[in-house]
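Enquirer: Have a look; sequence and predicted model below, questions after that.
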Amino acid sequence: MFAVNGSTFLNNSLSGVPRFFPRSTQRVAAPPVVVAAVSSNGRPGDRNVSVLVENTSKEMVESATSSPSVIDKEAKSTVGGGVEDVYGEDSATEDMHITPWTVTVASGYPLLRDPHYNKGLAFTEKERDAHFLRGLLPPGIVSQEIQVKKMMRNMRQYQVPLQRYMAMMDLQVRNERLFYKLLIDNVEELLPVVYTPTVGEACQKYGSIFRQPQGLFISLKEKGRILEVLKNWPEKKIQVIVVTDGERILGLGDLGCQGMGIPVGKLSLYSALGGIRPSACLPVTIDVGTNNEKLLEDEFYIGLRRRRATGQEYSELLHEFMSAVKQNYGEKVLIQFEDFANHNAFDLLAKYGTSHLVFNDDIQGTASVVLAGLIAALKLVGGTLADHRFLFLGAGEAGTGIAELIALEISKQTGAPLEETRKKIWLVDSKGLIVRSRMESLQHFKRPWAHEHGPINNLADAVKSIKPTVLIGSSGAGRTFTKEIVESMSSFNEKPVILALSNPTSQSECTAEEAYKWSEGKCIFASGSPFAPVEHNGKVYPSGQANNAYIFPGFGLGLIISGAIRVHDDMLLVASEALAEQVSQENLEKGLIYPPFSNIRKISAQIAARVAEKAYKLGLATRLPQPENLVRYAESCMYSPNYRTYR
Ligand SMILES: O=C([O-])CC(=O)C(=O)O
Ligand SMILES: [Mg+2]
């Protein structure tokens, strides 16, 4: 027997398997409680507590992880599925040098306090006996279904969206499976709570509502020690990281360290909508300061109180982070850049796109979801993509990202060179229409869109001159699609396509009600943030949500199940096509160009399968052999939030 970091290891002479008992649970050396586990790397502060499964030996653990429907045991154990957190031998032992398994017991009070394993009142009589829970819980047993019902009823009693958000976050850190069960089973109702638009308000007020840290905070103070910081995170097998530096949170601007709400929210959708195991998700906020004066003066602000680092100081910290991630997690961890400002987002994607598995959600995810909506919309407006003219308000990440993907798709469909297909697409920025005469003063990402045209300094005139069939708002500036603009679009289009993408709701270019009212019900409308159905002249118009949440969870799942090592534009195109195919005739008849979110897990599996297939075709997949049925495989890898039985 020997002690490590305040805990005690016992050498089990019968099985030869070392056991790890946290000090608080040493008394449970009793036989009935058996917990198969992963080990940690044995560093101070590491969480050695693990998974409770119904097995007593390594062999049994292995058999539990390889059900017949699962083609690849490693994928089952590393992607998700019924027995998550049970890793292969190598990863379980590589740092601890203890073979083959570390077996641990979590029971009693710590079990109730561990969000990964807590089941609230759903612990059965047997489990209460086996895990020393007697007296720690009231005698009633309440199933997960009833717990969901109760939580939803409580949630609905909160009138203020931020209160709902806080209740959901409390649940996430208290009982993870119940949180995901709630979210998955009530996705349409809860998406606006844990995600856009409420998450925007939560970030603005993050300091005031802060209770328990979620995710990893890496600030300039940690420069030179980022690898060490990564090792402080309790989970070892990370598959997806969402990282922000908080400089452009939705359309709300620089929220500094308080941007953490975004990676946390995005990753909860990775698990709920895409089925990535929660413990494989790592939210990260890089704090290089903030230029938000209000926050710098706010006594509740949680970040560094300094102005943003730029130039070399910034890029060195980012580089250290990117290198440490690869060193710690290998090259198959997906790094999703989220809500960086334009001046860093494009450069980071270009710089790390060739060496890491990176994806910029605001450039690429938004592009893919919009292209999907446009492909679906063609069934309503007619023609091919090449027959349409596109005008954007906003020439940042989303605007230029979408524009480029549309140009790529047209090029793929028609065989025309990209330089030609780009000419169907026009962008307006804060200085007016992007035209050739402005070339010298344009940022590099706007230059491909500087076509020949006389100068125009506002959107309304650009609409009149270009006569687009599709108008897309991606500027982050609310209420910019005026009555005049929507009426103008409706005067020369039978069915104008109008997409108001900016988030949250306050930044939307127009509301659904305005779009339908001003276009006399003619437009096909979708928005980045959700709007309730609108009644106009006795007809009800539901509106779709053109939000990257349709794409990134399935996209990430596809990368992970194929073991992809790079993201390729062709993967974005197939993701768009897969999403567009999920829009039913019935959806289209209602004017919807996106399927309902209630089907999102099925949709994500379809997207994942197409992305994975493309990864294999491009030679970018490393998980071999390629599974025969990728949709079934993707589904079999998805995390299920149902409570498990502990013996
Ligand atoms: O978070 C969202 O709802 C969509 C998004 O990426 C953004 O607006 O930056
Ligand atoms: Mg974003």
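Expert: Yes, it's here. Ligands and ions are numbered 1, 2, ... in the order given.
Enquirer: alpha carbons only for contacts and neighbour counts from here, please
Expert: OK.
Enquirer: Doesn't Glu235 belong to a strand?
Expert: No. Counting by DSSP: H, G, I helix; E, B strand; the rest coil, Glu235 is not part of a strand but coil.
Enquirer: ok, it - how many residues close by?
Expert: Using other C-alpha atoms under 10 Å, Glu235 has 18 neighbouring residues.
Enquirer: what's the closest non-adjacent residue to it?
Expert: Ser279 (6.3 Å; C-alpha to C-alpha, 6 or more residues apart in numbering).
Enquirer: I figured that neighbour was touching Ile241, is that so?
Expert: No. Counting by C-alpha atoms under 8 Å, Ser279 stays clear of Ile241, with 11.1 Å between them.
Enquirer: ok, Leu393 to Pro596 distance?
Expert: Distance of Leu393 to Pro596, computed by C-alpha to C-alpha, to the nearest Å: 27 Å.
Enquirer: State the phi and psi torsions of Asp287.
Expert: The phi/psi pair for Asp287 (degrees, to the nearest 10) reads phi -100, psi 110.
Enquirer: one step back: so between Leu393 and Pro596, which is more surrounded?
Expert: Shown here are Leu393 and Pro596; by other C-alpha under 10 Å, Leu393 has more neighbours (27 against 18).
Enquirer: just checking, that one touches Ile472?
Expert: Yes. The pair Leu393 and Ile472 passes the contact test of C-alpha under 8 Å, sitting 6.3 Å apart.
Enquirer: Could you name every residue contacting both of those two?
Expert: Residues touching both Leu393 and Ile472 by C-alpha atoms under 8 Å, 6 or more residues apart in numbering: Gly399.
Enquirer: and Glu404, what does it touch?
Expert: When contacts are taken as C-alpha under 8 Å, 6+ apart, Glu404 is in contact with Arg422.
Enquirer: quick one: it and Gly365, what's the gap?
Expert: Applying C-alpha to C-alpha to Glu404 and Gly365 gives a distance of 12 Å.
Enquirer: next one: Thr198
Expert: 20 Å.
Enquirer: the more surrounded of those two?
Expert: Neighbour tally, Thr198 and Gly365, criterion other C-alpha under 10 Å: the higher count belongs to Gly365, 27 against 21.
Enquirer: Tell me who's in contact with that one.
Expert: 359, 548, 551-552, 572.
Enquirer: Can you tell me which of the residues you listed comes closest to ligand 1?
Expert: Closest approach to ligand 1 among these (C-alpha to the nearest ligand atom): Asn548, at 5.7 Å.
Enquirer: Skipping its backbone neighbours, what lies nearest the closest one in space?
Expert: Using C-alpha to C-alpha, 6+ apart, the closest residue to Asn548 is Thr366 (4.8 Å).
Enquirer: My understanding was that the one you found contacts Ala398; is that so?
Expert: Yes. Counting by C-alpha under 8 Å, Thr366 touches Ala398, with 6.2 Å between them.
Enquirer: Can you pull the residues of this structure lying near ligand 1?
Expert: Within the chain, the residues that sit near ligand 1 (C-alpha under 6 Å from any ligand atom) are 196, 250, 339, 362, 503, 547-548.
Enquirer: Now, of those residues, which are buried?
Expert: Buried subset of the residues of the chain next to ligand 1 (neighbour count, 16 or more other C-alpha atoms under 10 Å): 196, 250, 339, 362, 503, 547-548.
Enquirer: Quickly find the element holding the residue nearest to Asn291 when sequence neighbours are not counted.
Expert: Among residues not flanking Asn291 along the chain, Arg307 sits closest, at 5.1 Å (C-alpha to C-alpha, 6+ apart). Remark: Arg307 resides in no helix or strand, with elements defined by DSSP states H and E.
Enquirer: Arg307 and Lys294 touch, don't they?
Expert: No. Using C-alpha under 8 Å, Arg307 is not in contact with Lys294, being 11.9 Å away.
Enquirer: Now stretch 368-379: buried residues?
Expert: 368-378.
Enquirer: Dump those to CSV, plus pLDDT and distance to ligand 2.
Expert: CSV is the format used below for those (pLDDT from 0 to 100; distance: C-alpha to the ion, whole Å):
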residue, pLDDT, distance to ligand 2
Ser368, 98, 13
Val369, 98, 13
Val370, 98, 14
Leu371, 98, 17
Ala372, 98, 18
Gly373, 98, 18
Leu374, 98, 20
Ile375, 98, 22
Ala376, 98, 23
Ala377, 98, 24
Leu378, 98, 26
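Enquirer: Next one: whichever residue of the stretch 101-250 of the chain sits closest to ligand 1, what pLDDT does it get?
Expert: Residue nearest to ligand 1 within the stretch 101-250 of the chain (C-alpha to the nearest ligand atom): Leu250, separated by 3.9 Å. Looking at Leu250, its pLDDT reads 97.
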